[in-house]
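Enquirer: pasting a predicted model and its sequence here:
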Amino acid sequence: MPTYPTRARLPASYSANVGRIITRWALLEATLRQVGYGLLLLDPKLGRLMIQEPRIESYVTMIEDVMIVLRFKTSVDTKDLKRGLKTLDEIRNKLAHGVWVRHARTSIPVLQDTKGTSATDTGQPIKARINPKALAVTPDNFRARIIGIKNATKIIRQLGREIERQLRSLPCRCCGQPLPARRVNPQGKKTTTHQAQHSPSQP
């Protein structure tokens, strides 16, 4: 099992694309949190204090569960969304925490992966922590991941809009009046006092 030298410097395009993926992923997470806060009629400050932040697919499951309680519907395939988010999350984590090396078989940067198992020369699986996998990353790989994150963010915003419309159809538990518009706010705009203090009746 050879040891490959690490790369302290990457081509400028690689560094830029890693940054794009990490920043776009942070926006996706923030958008999903806003949908969760809006669904619970929580001010974002209270939401950050009160709602735990599990892995991204588990966060979607929490939203699914609340929607079941409120009898909300959505055209979004949340199970498919979770599968896609899990894959994108794994890739983002590799890029954020992985080590780049120089590999003898290719001139392009290679990302060292120590998760799961890898194959040896004998074909027997071995822990990747012992024998790391080599992931040769191309510009096309970056583009596909960036597009995937952008599309997932759009789907989450669509989910938020559908939740918002259904929230507006519920009467306020405290005053019985219809809830005001813009309850779910993926863009992070301010909510009204009524939005922050009132919650919908249970179906």
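Expert: Good, I have the coordinates.

Enquirer: which residues does Gln112 contact?
Expert: 4, 98-101, 132-135 (C-beta atoms under 8 Å, 6 or more residues apart in numbering). Using the backbone N, CA and C atoms, a C-beta is placed for each residue, glycine as well.

Enquirer: swap in 6 Å and give it another go.
Expert: With contact taken as C-beta atoms under 6 Å, 6 or more residues apart in numbering, Gln112 is in contact with 98-99, 101, 132.

Enquirer: tell me which of those fall in strands.
Expert: Secondary structure from DSSP state E places 99, 101 of these in strands.

Enquirer: and the contacts of Gln112 as CSV, adding distance to Arg71, pLDDT and neighbour count?
Expert: Shown next, in CSV, are the contacts of Gln112 (distance: C-beta to C-beta, whole Å; pLDDT from 0 to 100; neighbours: other C-beta atoms under 10 Å):
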residue, distance to Arg71, pLDDT, neighbour count
Gly98, 43, 86, 19
Val99, 48, 89, 13
Val101, 52, 89, 16
Pro132, 48, 70, 21
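
Enquirer: which single one of the contacts of Gln112 is nearest to Thr114?
Expert: The nearest member of the contacts of Gln112 to Thr114, counting by C-beta to C-beta, is Pro132 at 5.0 Å.
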